[in-house]
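**Student:** Take this sequence and fold it.
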Amino acid sequence: MPRLNKRIFQSIMFWFLPLIVVGGLFFPLLGYIVFIMMITMLIRSYFKGRLWCVFLCPRGSFLDILVSRFSLKRNIPRLFTTNKFKIFALFLFMGFFIFRLINAEKSWYAIGFIFVQMCILTTLISIVLGVCTKERCWCTFCPMRTLQTKIASLRKGKNTSL
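**Tutor:** Sure thing, here's the model as predicted:
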């Protein structure tokens, strides 16, 4: 994909993050955008690998466009790149997410707000890590990246590392 297309997509996708994080505080149904993106990304990863992470992820675009300006550009701690940590992060975040869903008030707004809250939490973590290390530090162990990698390996018939 030409560099120009990446920049165009990133400049568009960038705006989804503030829309969900800020707008979702006032209109929790915007959280369902996160759900739609997650499903789309997971299905797409079977056919195209982790293409989503490269330039379609709103958080990745946000980190590339804004956080990169403030990043200290330090090495990412080796721990974050290990398969054990990636699996730990996946189970931690998914476990917390499922726990929140099970204990949620059974309304569209409450469930939408859980997606908004998870987006806020992971965005705050990604900003702190991105400023202290490299802007895309979060991306090395992002639970969605871990799932995409595994799904992509199913199509290829490979047992790739995460």
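**Student:** pLDDT (mean, whole number) over stretch 125-138?
**Tutor:** Stretch 125-138 shows a mean pLDDT of 98.
**Student:** Check the offset of it from the chain's centre.
**Tutor:** Stretch 125-138 sits 13 Å away from the centroid of its parent chain (CA atoms, centre = their mean, to the nearest Å).
**Student:** Quote the end-to-end distance of that stretch.
**Tutor:** End-to-end span of stretch 125-138 (CA to CA, to the nearest Å): 7 Å.
**Student:** Contacts for it next, please.
**Tutor:** The contact list for stretch 125-138 (CB atoms under 8 Å, 6 or more residues apart in numbering) reads 59-60, 63-64, 67-68, 70-77, 80, 122, 139. Backbone N, C-alpha and C define where each C-beta goes, glycine included.
**Student:** from those residues, which would you call buried?
**Tutor:** 59-60, 63-64, 67, 71, 76, 80, 122, 139 (16 or more other CB atoms under 10 Å).
**Student:** Inside helices: which ones of those residues?
**Tutor:** Members of the buried ones among the contacts of stretch 125-138 lying in helices (criterion: DSSP state H): 59-60, 63-64, 122.
**Student:** Mind listing what's buried along stretch 42-54?
**Tutor:** In stretch 42-54, counting by 16+ other CB under 10 Å, buried: 44-45, 49-53.
**Student:** er, stretch 123-138 actually
**Tutor:** Neighbour-count burial for stretch 123-138, counted by 16+ other CB under 10 Å, picks out 123, 126-127, 129-131, 133-138.
**Student:** ok now that stretch, how far from the chain's centre?
**Tutor:** Relative to the centre of its chain, stretch 123-138 is centred 12 Å away, using CA atoms, centre = their mean.
**Student:** Make 13 the starting number, not 1.
**Tutor:** Okay, residue one is now 13; in that scheme the one you just asked about reads as stretch 135-150.
**Student:** any chance of the buried residues of stretch 135-150 in CSV, plus distance to Phe21?
**Tutor:** Shown next, in CSV, are the buried residues of stretch 135-150 (distance: CB to CB, whole Å):
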residue, distance to Phe21
Thr135, 19
Ser138, 19
Ile139, 21
Leu141, 23
Gly142, 20
Val143, 24
Thr145, 25
Lys146, 21
Glu147, 17
Arg148, 16
Cys149, 22
Trp150, 19
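**Student:** Which ones among the residues you listed map onto helices?
**Tutor:** Among the buried residues of stretch 135-150, the ones falling in helices (DSSP H) are 135, 138-139, 141-143.
**Student:** separation between Thr158 and Ser73?
**Tutor:** 19 Å (CB to CB, to the nearest Å).
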